[in-house]
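Undergrad: here is the input, now give the coordinates:
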Amino acid sequence: DGHPVRVVGQDTRRGTFGQRHAVLVDRKTGEEYTPLKQFGQGVSKFYVHDSLLSEYAAMGFEYGYSMTRPDALVCWEAQFGDFVNGAQSIIDEYVSSGEQKWGQRSSVVLLLPHGYEGQGPDHSSARIERFLQLCAQDNMTVVYPTTPANYFHLLRWQVKSGRGKPLVVFTPKSLLRLKAATSAVEELTGGAFQPVIPDSDPAIDPAGVRRILLTTGKIYYDVVNARKAA
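TA: Predicted coordinates:
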C-alpha cells in the first residue's frame, strides 16, 4: 500500500512469535532469505531486525523512529509480554502522554505476547489492565485481537488511517498453533477491522438468545470449547 514496514524485537527475525519465520537461514551456507522483502518497491520496504535485550533502549529508539517516519508501520515486539516492564518509563513518559505534553504524534506499535502460555510467572502476562489505565483522551489504542484477519486489518488500519496514535496489541502465543484460530484468504484480501465479531455458529438461533457474552483474544476459543462440552 505504499508504506514501509519495520518490525524490531527480541528474536523477531527468527520468528518466535507472530512474525513466524520472517527470516529463513540456510543451515549449510548461512545465507538469509526474507520472503516479505519481495514486496518491496520504491519506498515500500520491509525491514525486520533483532533488537538487543534492553527494552528501555529498543522501545525508545522505535518510538523516535516512528515520529521520524510517520508514513511507516513501526512495530516493536517484546520477547515475552512482561518484558515490557523494562521500558515502563518510555510508556509512561512518551507512548501514553507524549502528544498531550509536547504535541508529539507517534504511531508506534507495541506487540506484547500475552496469556499465561505455560512459560512461568516471569514470561506470561503483559498486564492489559495497566495499559487500559493509561488510556485517556484518545491517547492510544489497546487491542486484544481474536482472528488472524482482524490482526492483519488492525495493522493495516494503523498505517492507513493516519491517526498518528500508538497501538498496543496483545498477541497470545497459543493462537499461533491453534487450528481454530484461522482466517480464510478472502478475509485478509477483503473486509476491514471488526471492533466486534458476531458469533458465527449456525446452530445458534438469535431469537432464542437470553444472554450475551463479550470476550476477546484467546478467551473466545476457551468459551467456544466450553459451550461445545456443555
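
Undergrad: CA only for contacts and neighbour counts going forward, please
TA: Will do.

Undergrad: might one say that residue 173 is in contact with residue 111?
TA: No: judged on C-alpha atoms under 8 Å, residue 173 makes no contact with residue 111 at a distance of 11.4 Å.

Undergrad: more crowded one of these two?
TA: More crowded of residue 173 and residue 111, by other C-alpha atoms under 10 Å: residue 111, with 25 against 20.

Undergrad: mind listing the helices for the chain?
TA: Secondary structure of the chain (DSSP state H): helices located at 55-68, 88-90, 98-102, 128-133, 148-160, 185-189, 218-229.

Undergrad: right, and these - which one's nearest residue 169?
TA: helix 148-160 (8.7 Å; C-alpha to C-alpha).

Undergrad: flag every buried residue along the closest one.
TA: Residues of helix 148-160 classed as buried by neighbour count (16 or more other C-alpha atoms under 10 Å): 148, 149, 150, 151, 152, 153, 154, 155, 156, 158, 159, 160.

Undergrad: what is the nearest of those residues to residue 5?
TA: Each of the buried residues of helix 148-160 was scored against residue 5 by C-alpha to C-alpha, and residue 159 proved nearest at 9.3 Å.

Undergrad: okay, now the unreliable bits of the protein?
TA: 15-20, 116-124 (pLDDT under 70).

Undergrad: and the strands in it?
TA: Ranges of strands in the chain, per DSSP state E, are 5-9, 24-25, 32-33, 46-50, 73-77, 109-113, 141-143, 167-171.

Undergrad: on that earlier part again, and the buried residues of helix 148-160 as CSV, adding distance to residue 93?
TA: Listed next are those as CSV, based on distance: C-alpha to C-alpha, whole Å:
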residue, distance to residue 93
148, 31
149, 32
150, 29
151, 27
152, 28
153, 29
154, 25
155, 24
156, 26
158, 22
159, 23
160, 26
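
Undergrad: closest to residue 69 out of the residues you listed?
TA: residue 159 (11.0 Å).
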